[in-house]
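> from the sequence below, what's the structure:
(one chain, ligands or ions: 2)
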Amino acid sequence: MSEPDEELAARITASLRDIPDFPEPGVLFKDITPLIGDGALLTQTVTGLARPWHGRVDAVAGLEARGFVFGAAVAVALGVGFVPVRKAGKLPADAVGVDYALEYGTARIEAHADAVPAGARVLVVDDVLATGGTAAAACRLFEQLQAEVVGVDVVIELAALGGRERLPERAVRALLTV
Ligand SMILES: O=P(O)(O)OC[C@H]1O[C@H](OP(=O)(O)OP(=O)(O)O)[C@H](O)[C@@H]1O
Ligand SMILES: Nc1ncnc2[nH]cnc12
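Numbering: from 1, shown residues only. Ligands and ions are numbered 1, 2, ... in the order given. The predicted structure is shown next:
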């Protein structure tokens, strides 16, 4: 896996806005809107996410909603298709789903049953890895579809919340670990 880019990590750190007690008391929310509002930093972040994966994936999956921003851009950078992983009830065709818990609540994610062919190499992209519940559910989802999850690629890992431990034997990569 590629070396961490310390300059990019510093730029991401400087851009993040910490919002205490959002969306519920006790959660320190990492707001990425300043990052994605900065064209140069958004480009560097997408380039950094895509860097190790050129020629190694068949599809990029992005997790609704913030994972769509980065995931679709990474798919373009890699020249592969994008698969939206949506919250329950949003996809129009036959879907498979997984229930999960995240830092602040529970949810269900779904993907279209024909989103990727069996054996496809899928890269899961999201903005934040916190408890890892969302990313682990996404991995299970693609394995239900007989795909191969080659990695979980996030902008920010909140290490204290233990997401990486929730994803043993996965190639988990974060541009910034806090
Ligand atoms: O590691 P976890 O504890 O599972 O938390 C990480 C997830 O939480 C956030 O999504 P959220 O469900 O809040 O959706 P949003 O992108 O629509 O805000 C974030 O975008 C990740 O997908
Ligand atoms: N603390 C946090 N900040 C932003 N997104 C999150 N998703 C889960 N936990 C989060």
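> and the helix or strand harbouring residue 42, what's buried?
Using DSSP states H and E, residue 42 sits in helix 39-50. For helix 39-50, burial by neighbour count (16 or more other CB atoms under 10 Å) applies to 41, 42, 44, 45, 46, 48, 49, 50. For glycine as for every other residue, the C-beta is placed from the backbone atoms N, C-alpha and C.
> so what's the second one closest to, chain neighbours aside?
To tie it back to what came earlier, the one meant is residue 42. Of all residues not flanking residue 42 in the chain, residue 36 sits nearest, at 5.2 Å (CB to CB, 6 or more residues apart in numbering).
> how many neighbours does the one you found have?
By other CB atoms under 10 Å, 18 other residues sit near residue 36.
> do the same with residue 108
For residue 108, the tally of surrounding residues (other CB under 10 Å) stands at 13.
> strands of the chain, residue ranges please.
Ranges of strands in the chain, per DSSP state E, are 17-20, 28-31, 59-63, 81-87, 95-102, 105-112, 121-129, 148-157, 172-177.
> still on that earlier bit, just want the angle from the helix holding residue 42 to strand 148-157.
Orientation note: helix 39-50 sits at an angle of 140 degrees relative to strand 148-157 (axes from the mean of the first three to the mean of the last three CA atoms, to 10 degrees).
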